[in-house]
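Q: Provide a 3D model corresponding to the input given below.
(one chain, ligands or ions: 2)
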Amino acid sequence: MSKVLLASRNRKKLAELQRVVDAAGITGLEIVGLDAVPEFPEEPEDGATFEENALIKARSGARATGLACLADDSGISVDALNGMPGVLSARWSGAHGNDPANNALLLAQLSDTPDERRGAAFVSACALVLPDGTETVVRGEWRGTVLRAERGPNGFGYDPLFAPDDELAAGRSSAELTPAEKDSLSHRGKALAQLVPALRELAGS
Ligand SMILES: O=P(O)(O)OP(=O)(O)OP(=O)(O)OC[C@H]1O[C@@H](n2cnc3c(O)ncnc32)[C@H](O)[C@@H]1O
Ligand SMILES: [Mg+2]
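A: Ligands and ions are numbered 1, 2, ... in the order given. Have a look, this model is predicted:
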């Protein structure tokens, strides 16, 4: 059984990666989170782009553990905010990972923005760093609009505020999609799909 470390503190991301690997029929790959490896000093996510941050996380995880290491850096880029929160999405309200506060601030900032200018994209960059030093970085994007109130119980982060453009999601927020529907459309699903061949090879399956 090969092991791959997902260098993330976000359990929802870990679950999404596990679903993609399972859906691709990859067996023989054990995905472990940071909780399952000895603690190591984590580097600040201070890159200017999602790709840089994903590489920072994946390189430090690979270096510290000797395992193949995958990392995702993601966020929402709002057209009317010139692409922000972007790489600052997790700490937009000041407190890292405080989803209700981040969502409330984003809603307040867009309170005067009319429906036709509420376009946004979820973006995910995923980096895979192998023990032999090979580095792969991929990107996925998911277009939609920012709603005026939170809707739906699923997902995490900004999902209750994001209405995907896709026909499949018509009339629903991404927090109202099933997990499988989200994976088939999402920024992370699109990014990870590009890494499936490399993960399959790693698993030897
Ligand atoms: O860095 P790690 O430990 O992986 O976990 P994190 O939650 O801090 O992750 P990021 O630094 O990549 O920040 C991503 C933020 O963007 C938002 N986000 C990313 N993907 C999302 C998704 O699929 N649905 C909703 N919000 C998402 C959410 O607010 C996240 O906190
Ligand atoms: Mg983070």
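Q: near ligand 1, anything from stretch 141-157?
A: Yes. Judged by Cβ under 6 Å from any ligand atom, stretch 141-157 and ligand 1 are in contact via Gly155, Phe156, Gly157. For the C-beta atoms, the positions are set from N, CA and C on the backbone; glycine is no exception.
Q: Can you classify the first one as helix, strand or coil?
A: Just to be clear, that refers to Gly155. Recorded secondary structure, Gly155: coil (DSSP: H, G, I helix; E, B strand; the rest coil).
Q: list the contacts for it?
A: By Cβ atoms under 8 Å, 6 or more residues apart in numbering, Gly155 lies in contact with Lys12, Ser174, Ala175, Leu177, Lys182.
Q: who wins for neighbours among those residues?
A: Across those, neighbour numbers were computed from other Cβ atoms under 10 Å; Ser174 holds the maximum, 28 neighbours.
Q: Please tell me how far that residue sits from Pro164.
A: Note on Ser174: its distance to Pro164, by Cβ to Cβ, to the nearest Å, is 6 Å.
Q: Need the overlap of contacts for these two.
A: Shared contacts of Ser174 and Pro164 (Cβ under 8 Å, 6+ apart): Trp142, Gly144, Leu185.
Q: give me phi/psi at the first one?
A: Which is Trp142. Backbone geometry at Trp142, expressed as degrees, to the nearest 10, gives phi -140, psi 110.
Q: For burial, what's the neighbour tally of Ala127?
A: 28.
Q: I meant Cys69, not that one.
A: 25.
Q: thought it was touching Val4?
A: Yes. Counting by Cβ atoms under 8 Å, Val4 is a contact partner of Cys69 at 7.0 Å.
Q: Not counting its neighbours along the chain, what's nearest whichever residue of the chain sits closest to ligand 1?
A: Relative to ligand 1, the nearest point of the chain is Gly157 (2.4 Å; Cβ to the nearest ligand atom). Spatial nearest neighbour of Gly157, excluding adjacent residues (Cβ to Cβ, 6 or more residues apart in numbering): Asp99 at 5.5 Å.
Q: ok, now which ones touch that neighbour?
A: Phe156, Gly157, Tyr158.
Q: Most neighbours among these, which one is it?
A: Tyr158 (25 neighbours).
Q: Test my guess that that one contacts Leu106.
A: Yes. Taking contacts as Cβ under 8 Å, Tyr158 lies within contact range of Leu106: 7.0 Å.
Q: Spell out which residues are contacts of both of these two.
A: With Cβ under 8 Å, 6+ apart, Tyr158 and Leu106 have common neighbours Ile76.
Q: how about the strands in this protein?
A: Counting by DSSP state E, one finds strands in the chain at the ranges 2-6, 29-32, 68-78, 119-129, 135-146, 162-164.
Q: Is any residue of the shortest one near ligand 1?
A: To tie it back to what came earlier, the one meant is strand 162-164. No. Using Cβ under 6 Å from any ligand atom, strand 162-164 stays clear of ligand 1, with a minimum separation of 6.8 Å.
Q: Can you work out which other helices and strands pack against that strand?
A: For strand 162-164, the helices and strands in contact under the criterion 3 or more Cβ pairs under 8 Å, 6 or more residues apart in numbering; DSSP states H and E are strand 135-146.
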